[in-house]
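In: Everything below, folded, please.
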Amino acid sequence: MTRQVHGTGPHETRACFEHAASAFVSLVTGISDDCWTAPALGEWSVRDLVGHTSRALSTVETYLGTPAGVVDAGAGAQTDRIDAVGYYLAVRSGDLAVRIGLADPAAVTQRGRDAGAALGNDPSDAITALANRVRKLVRESPDDAVVMTALGAMRLADYLPTRTFELTVHTLDLARALDVPPPPSLGTAIGGSLLLAAGIAAALPDAADILLLLTGRADLPAALSVV
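Out: Residues are numbered from 1 along each chain as shown. Here you go, the predicted model:
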């Protein structure tokens, strides 16, 4: 179901994605040779985390290149279409998490390692080339281009905020692992990602606690998260 809770139109959605992709590339191209094997997030090394994050780009390329059905654009489109909030709510529901492998932490960890290894001998160049291809593809694709996701057919404009969110959060993870400040260009994408996170949070049973968390209250349940 489409919701107008994350406050971004098509132009802002594309701008956020561009900024997130640019910030990710900027950070990756500054990684020194001796940092790729350093610890990053959980069991992931820096290379593993970069590989995992790169999937936020490669899935756009893959899904836009996969023959898909159509997303209803008729009179019921505004109520029947799945948007970015609906995508994350479906992942949280459990069934989709099982289908796409998110229910198995070991499988998620291994996919990150595999994606990192697939970047080859020059991961910075591989990320730059991937980001350039995907950004060009997004610029040339209309908002209603169909992407066939694990959830089913979605419009590019509805799917793109999920990729921005993943790029933004994991670019912040990467900056923390490298002990460097996030690229300034990430600011726009952080704003868009916060709006998406708020939209997800508003639909959760823990919405009130998440609001209190964001306003600095203490003694709240552990592990509050919108994902």
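
In: so who does the residue most central in space within the chain touch?
Out: Nearest residue to the geometric centre of the chain (C-alpha atoms, centre = their mean): residue 166, 2.1 Å. The neighbours of residue 166, taking C-beta atoms under 8 Å, 6 or more residues apart in numbering as the test, are 53, 55-56. Where you see a C-beta, it was placed from the backbone N, CA and C, and this is true even at glycine.

In: pLDDT weak spots in this protein?
Out: Applying pLDDT under 70 to the chain flags the ranges 1-10, 67-80, 94-103.

In: Please enumerate the helices of it.
Out: 10-28, 46-64, 77-80, 84-92, 95-99, 105-117, 123-140, 156-178, 187-202, 207-214 (DSSP state H).

In: Now render those helices as JSON lines, adding distance to residue 222.
Out: Listed next are the helices of the chain as JSON lines, based on distance: least, C-beta to C-beta, whole Å:
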{"stretch": "helix 10-28", "distance to residue 222": "29"}
{"stretch": "helix 46-64", "distance to residue 222": "24"}
{"stretch": "helix 77-80", "distance to residue 222": "36"}
{"stretch": "helix 84-92", "distance to residue 222": "17"}
{"stretch": "helix 95-99", "distance to residue 222": "20"}
{"stretch": "helix 105-117", "distance to residue 222": "17"}
{"stretch": "helix 123-140", "distance to residue 222": "34"}
{"stretch": "helix 156-178", "distance to residue 222": "19"}
{"stretch": "helix 187-202", "distance to residue 222": "16"}
{"stretch": "helix 207-214", "distance to residue 222": "11"}
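
In: Thanks a lot, see you next time.
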